[in-house]
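Student: Predicted model and sequence below, questions to follow.
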Amino acid sequence: MILALIMLGLGIGLQLHAQSIKPRYRYFITRQADKLMEGEKEFRFFGLAAPNIQQNESQIRADRSNRFPDEYEIRDIFSGIQRTGGLATRTFSLSVYSPDDKEMPVYITARRTYNEEAFRCLDRVIALAHEYDIRLIIPFIASQSFGGIRGVDEFSTLSGKPKGSFWTDEEVKADFRHFLSFVLNRKNTVNGLLYKEDPAILCWQMGNEFGSYPGDRGLDYQTWSPLIQAWTIEMAAYIKQIDSNHLLMEAGGVDRKAMLDDPNIDLISDHLYEYWNRMGGRDWWLAPIAKAARAECKGIKPLLIDEFGLGSTENLSELMKTIREEGIAGGLIWSIRSHRRDGGWYYHNEGGTPVNSFHVPGFSVGFAYDETRLLDILTRESYLIRGIDPLPVTKPAPTPVLMKQGSGFTWRGSAGAAFYTIERSESTEGPWKVVATGLEDSVIADVTNFEYTAAASEPLMLYCDESAQPDRGYYYRIKAVNAGGETDWSATIFRKNTKP
């Protein structure tokens, strides 16, 4: 990766204004035939998709109100990706208002109206990507109507038009072009760059899984695919008129040859899931599917497997090997979630499967989906695809923050921490005694329904000092540990009657 203190940006005078944002990219990612390029060097990667880095969609409050990730939570995700060798990630689509979501905040709040708070969160995500050396894939809109996210049908409703009109109605398309223009021309409030001039963005993506639109609604695919294709070609041309710096990736649901032929589409996307393929009665061993897709694109345009997962370790490991050996540009496993600012982690179950969100570096409660082993394989492949030796494990950061929760404690965790140690003392001056070590903060083994319960909106109690005398008070502190070292001790907090 070529880094510089001043970004030349292919002749455009790009300069970051926020002093803390570094390193600063010199090049936009470009393509040469079927390869991604960073300057004169081929750009390939593995990583973790980060669907809630721009909007928390798990452990929402009972009244559907929510909050956007703060800087701590954004940094935690970036650090997790960086610690697994990742050079890129993918946000999720930008959310659309629906009355069914009550007060849950979104990016698109009404017709041609956008949430400044939401976009300030995205500003920070894009700006911090420079510091962590992680490029971003940003899809514009979802084909689905996921709660709290919503998509094309809800966008049509904001335009006063019926479901399905997103793809064909001229007024709805004009409203979407307004949205595209707003996004591409937005000036980042953190680093001062226009989005269309920021090389931290690897590419824009037309949306999320447009091929799901007919299937999710029981519609005829042969009828709807040409409509989605025509819309994709039209909007791709519009995007390129505004932003000629960034690559553009399609979102499926169309004839692939048309996307390979279209001059405004730069990248081909595939999402590969063992679980969903099994459910649909399709081939579920993923490596041959990726190999066949690569054969279609070879010599023409780069292929990205920008989502894959929900499968056995053997299946996913073989897929990663195939991506690397077949010259596929990159792949992102689904998906990473961050520590919570008020203690513990965010959790997200995947379709009722045993697979839950990944928490770096992996924990014992992830045994059901081989979390630690898969993250280790991902890390190995991340360096192999780049042709470099693995970097040593770095100690956790930042120092954890110990907090009271219920009759015990929770804490704001440290990225990369394998476990935590807690000490107590009757004085801030010591002597200190270790009361617990080997503590993990990823503790939910089965989160199939957890994220939808009211209790899930509150942080979990992670430790209770059962040995404390109920009539005495103690000072407590915590540190995070991994194979690379340990943090400083946290600030102390005082607690009395800690025993339930």
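Tutor: Nice, thanks for sending it over.
Student: Just the buried positions in stretch 418-435, please.
Tutor: Across stretch 418-435, burial judged by 16 or more other CB atoms under 10 Å covers 418-425, 432, 435. No exception for glycine: its C-beta is placed from N, CA and C like everyone else's.
Student: Quick check: the farthest pair among these?
Tutor: Across the buried residues of stretch 418-435, the longest distance by CB to CB is 24.6 Å; it joins Ala418 and Ser425.
Student: quick one: the helices in the stretch 301-450 of the chain?
Tutor: Secondary structure of the stretch 301-450 of the chain, counting by DSSP state H, counting those that start in this stretch: helices at 313-325, 371-384.
Student: re the thing from before, can you list the buried residues of stretch 418-435 in JSON lines and add pLDDT?
Tutor: Shown next, in JSON lines, are the buried residues of stretch 418-435 (pLDDT from 0 to 100):
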{"residue": "Ala418", "pLDDT": "98"}
{"residue": "Phe419", "pLDDT": "98"}
{"residue": "Tyr420", "pLDDT": "98"}
{"residue": "Thr421", "pLDDT": "98"}
{"residue": "Ile422", "pLDDT": "98"}
{"residue": "Glu423", "pLDDT": "98"}
{"residue": "Arg424", "pLDDT": "97"}
{"residue": "Ser425", "pLDDT": "97"}
{"residue": "Trp432", "pLDDT": "98"}
{"residue": "Val435", "pLDDT": "97"}
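Student: can you redo these as CSV with distance to Lys240?
Tutor: As requested, those are exported to CSV (distance: CB to CB, whole Å):
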residue, distance to Lys240
Ala418, 46
Phe419, 49
Tyr420, 49
Thr421, 54
Ile422, 55
Glu423, 58
Arg424, 61
Ser425, 63
Trp432, 61
Val435, 60
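Student: just the strands in the stretch 151-300 of the chain please.
Tutor: Shown for the stretch 151-300 of the chain, the strands assigned by DSSP state E, counting those that start in this stretch span residues 201-205, 247-249, 268-273.
Student: Just name whatever secondary elements the second one is in contact with.
Tutor: The elements that strand 247-249 packs onto, with contact taken as 3 or more CB pairs under 8 Å, 6 or more residues apart in numbering; DSSP states H and E, are strand 29-32, strand 201-205, helix 221-242.
Student: Extract the C-alpha set from the longest strand along the chain and format it as CSV.
Tutor: Ranked by residue count and defined by DSSP state E, the top strand of the chain is strand 473-482. Provided in CSV are the C-alpha atoms of strand 473-482 (Å, rounded to 0.1, in the frame of the first residue of the first chain):
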residue,chain,number,x,y,z
GLY,A,473,-16.9,-0.9,49.3
TYR,A,474,-14.1,-1.6,46.9
TYR,A,475,-12.3,0.1,44.0
TYR,A,476,-12.1,-1.8,40.7
ARG,A,477,-10.1,-1.6,37.6
ILE,A,478,-9.8,-3.6,34.3
LYS,A,479,-7.3,-4.3,31.6
ALA,A,480,-7.5,-6.0,28.2
VAL,A,481,-5.1,-8.7,27.1
ASN,A,482,-4.1,-10.6,23.9
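Student: now that strand, how far from the centre of its chain.
Tutor: Per CA atoms, centre = their mean, to the nearest Å, the displacement of strand 473-482 from the mean C-alpha position of its chain is 30 Å.
Student: After it, which helix or strand is next? Please name it.
Tutor: Per DSSP states H and E, the first helix or strand lying C-terminal to strand 473-482 is strand 485-486.
Student: Outside of that following strand itself, list whatever touches it.
Tutor: Applying CB atoms under 8 Å, 6 or more residues apart in numbering, the contact partners of strand 485-486 are 394-396, 479-480.
Student: Next one, pLDDT for the residue nearest to Ser143 when sequence neighbours are not counted please.
Tutor: Distances taken as CB to CB, 6 or more residues apart in numbering place Tyr213 nearest to Ser143, at 4.2 Å, with adjacent residues excluded. Per-residue pLDDT puts Tyr213 at 97.
Student: Glu131 and Ile108: what is the separation?
Tutor: Counting by CB to CB, to the nearest Å, the separation of Glu131 from Ile108 is 28 Å.
Student: ok, those two, which is more surrounded?
Tutor: When Glu131 and Ile108 are compared for neighbours, Ile108 comes out ahead with 23 against 18, by other CB atoms under 10 Å.
Student: distance between the ends of stretch 212-226?
Tutor: Using CA to CA, to the nearest Å, the end-to-end distance of stretch 212-226 comes to 14 Å.
Student: Not counting sequence-adjacent ones, nearest residue to Asn277?
Tutor: Among residues not flanking Asn277 along the chain, Trp284 sits closest, at 4.2 Å (CB to CB, 6+ apart).
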